[in-house]
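Chemist: I'd like to go over a predicted model; first the sequence, then the structure.
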Amino acid sequence: MNTQIIIDNGSRSYSAAIAGMVFLVAVALLLAGCGGGGSSTAGGDGGGGGGCLLTVEEIEAIGNINDLPPECLALLPVPENNLLGRIFILGTQVDPASGALRIFANGTDSDGNPLQLADFQTATVTVAGNPADPGLVSVEPVAAGDDVLSLGFVTDYSTSISDAELNAISMVYSLVLDSLSPPNLPQVLEGEVINFSDSVVLQQDWSEDAALLQAAFQLDDSFLRGNTAFYDALGVSLQRDLALDNDGLVERCRPAHLLIAFTDGAENASVVYTKDTLLPIIDDSRVVTIMLGSLNADKDALIELAGDRGAFAYAYNLAGIQNVAEDWAGSLSHMVKFTLDPATGFDTGAITIVLGGEAIVVERPVDGFCESAP
């Protein structure tokens, strides 16, 4: 039985037929650009070079990328992530009534176990390099009425994405939403869902209704598949320009802004945004970006877009990033709220949270968050 797989790779699309689990060896030379040396050769029985015998098209057409020979896997970017073993400062907020500073955080240990309230309560908070009086700092779970988080979900629907991959990323997104929703946490979030290929589509506008958001994650068979306008999708999520009156992520009136995006291809179709225009938007607005990529995704671009504030995960296929992403998602259900009394002098110098040998500098509220600066 033949399966037809259409792959979106850069500015080209390939079509390859797979018969069962048998893959044909086509040429001795890989096409330039698949991995470091464009002149990699097939070793063959008489060669001894040990190179990958498959063409670029055949590499990309393999349904399970882990079935590739090791010499072919070596031509893809090395799987890597920095999601685990970290503390994330999701956002900050100055209470207009009390003047106290609230800091919202989550994190995992190096094994992917969520940091819990008891872990965060062992943290040391410093202001301008000096430990804050513990009596002036509290660490608590987020509470009902803490409208903490605006969260954007962005999904690649280009031709290279299989239905199985879309279902897998839907499961990751659903776990994120479940972790941040009752009964795990009080109602603390609002979300939007954006899908993209050549075009960018608002699948679900801002809503606090978990059922609407979950429905928007589900596979959309009607979506027109094409190339990869990854940067435009990120830009629309951040700044929203779809002839609508609604705000983009950076303008939502909540203390924490989180953007989670998945792609398996290199950018090749954006017409409004570039990576260089996105980076200052993300940095200036303090958005925490979680970049998930597989196969032909530009790992270096994912790393840049994640920056020091966010995180990235790249693997050969979505199954390779699913576990690590789900571990991180589960940690969101243990989000905590640090509260610093004005008497700590938090407005006089840099704030740092020290926990388990990790020191995290806390960024202050910025314009656009509808907060009162201290």
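Modeler: Cool, the structure landed.

Chemist: how close does the residue nearest to residue 143 when sequence neighbours are not counted get to residue 287?
Modeler: Closest residue in space to residue 143, ignoring its immediate chain neighbours: residue 186 at 6.2 Å, by C-beta to C-beta, 6 or more residues apart in numbering. All C-beta spots, glycine's among them, are computed from the backbone N, C-alpha and C. Distance, residue 186 to residue 287, by C-beta to C-beta, to the nearest Å: 23 Å.

Chemist: Give the residue from the two that has the larger number of neighbours.
Modeler: Neighbour totals were compared for residue 186 and residue 287, and residue 287 leads with 24 against 17 (other C-beta atoms under 10 Å).

Chemist: list the contacts for that one?
Modeler: Counting by C-beta atoms under 8 Å, 6 or more residues apart in numbering, residue 287 touches 238, 249-250, 257-259, 281, 309-310.

Chemist: Confirm for me that residue 201 is in contact with residue 195.
Modeler: Yes. Assessed by C-beta atoms under 8 Å, residue 201 is found in contact with residue 195 at 5.1 Å.

Chemist: how much distance is there from stretch 170-187 to the middle of the chain?
Modeler: The chain centre lies 16 Å from the centre of stretch 170-187; the measure is C-alpha atoms, centre = their mean, to the nearest Å.

Chemist: Check the model's average confidence along that stretch for me.
Modeler: Per-residue pLDDT over stretch 170-187 has a mean of 93.

Chemist: Ok, stretch 255-262 next?
Modeler: 95.

Chemist: One more: stretch 220-233?
Modeler: So the average pLDDT for stretch 220-233 ends up being 93.

Chemist: what distance separates that stretch from the middle of the whole chain?
Modeler: Distance, centroid of stretch 220-233 to centroid of chain: 17 Å (C-alpha atoms, centre = their mean).

Chemist: go on, stretch 123-134?
Modeler: For stretch 123-134, the distance to the chain centre is 31 Å (C-alpha atoms, centre = their mean).

Chemist: Any idea how far apart the tips of that stretch sit?
Modeler: Stretch 123-134 stretches 10 Å from its first residue to its last (C-alpha to C-alpha, to the nearest Å).

Chemist: what bits of this protein have low per-residue confidence?
Modeler: Within the chain, the set of residues satisfying pLDDT under 70 comprises 1-50, 55-66, 241-246, 365-374.

Chemist: separation between residue 322 and residue 342?
Modeler: 44 Å.

Chemist: same deal with residue 361?
Modeler: 20 Å.

Chemist: Dead centre of the chain: give me the residue that sits there.
Modeler: residue 290 (2.3 Å; C-alpha atoms, centre = their mean).

Chemist: That one pairs with what?
Modeler: residue 260, residue 311 (DSSP bridges).

Chemist: So it sits against residue 311, correct?
Modeler: Yes. Using C-beta under 8 Å, residue 290 is in contact with residue 311, at 5.6 Å.

Chemist: intersection of neighbour lists for these two?
Modeler: With C-beta under 8 Å, 6+ apart as the test, residue 290 and residue 311 both reach 83, 328.

Chemist: in the stretch 251-374 of the chain, which spans are helices?
Modeler: 275-285, 299-306, 318-331 (DSSP state H, counting those that start in this stretch).

Chemist: ok, now the stretch 101-250 of the chain?
Modeler: 117-120, 163-179, 210-217, 230-239.

Chemist: okay, now residue 224: neighbour count?
Modeler: 11.

Chemist: which residue packs closest to it, ignoring adjacent ones?
Modeler: That would be residue 197: by C-beta to C-beta, 6+ apart, it lies 6.5 Å from residue 224.

Chemist: what's the one you found in contact with, if anything?
Modeler: 156-159, 223-229, 269.

Chemist: same check, this time on residue 279
Modeler: By C-beta under 8 Å, 6+ apart, the neighbours of residue 279 are 304-305, 307.
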